[in-house]
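Q: give me the fold of what follows.
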Amino acid sequence: MGRNIITRRVMVGTEVVRIIGENPKRKSFIIQNKGTASIYLLGSENLTKDDGIEVAAGATFSDEASTGAVYAVAESGTQDVRVMVIGD
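A: You can find the predicted model right below:
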């Protein structure tokens, strides 16, 4: 049986936004920052960029373990981000 693959574009600004929802069936995800400034990945909407994992402009982040929600915030402006979620 194949796995579902969902892709979408998300615009990430200087306010924290959820970019991936919690999903216990998720197998992995990939986040690509196509913007011109860094974004920061967070595990909660109550955190700031200082608490996050930096994904520089042009860089990609992937995870094959977590199933929780993922939030993001931009260093500046509004950044063009791509998200791919792979699950059952």
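
Q: which regions of this structure sit below the pLDDT cut-off?
A: 1-2, 88 (pLDDT under 70).

Q: how about the helices in it?
A: Ranges of helices in the chain, per DSSP state H: none exist.

Q: list the contacts of the nearest residue to I31 once chain neighbours are set aside.
A: Of all residues not flanking I31 in the chain, F61 sits nearest, at 4.7 Å (Cβ to Cβ, 6 or more residues apart in numbering). C-beta here means a position set from N, CA and C on the backbone, and glycine is covered the same way. F61 sits next to 30-31, 41, 53, 55 when contact means Cβ atoms under 8 Å, 6 or more residues apart in numbering.

Q: Provide a ChimeraX selection command restricted to the buried entries of the residues you listed.
A: Of these, the buried ones go into a single ChimeraX selection, burial set by 16 or more other Cβ atoms under 10 Å:
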select :31,41,55
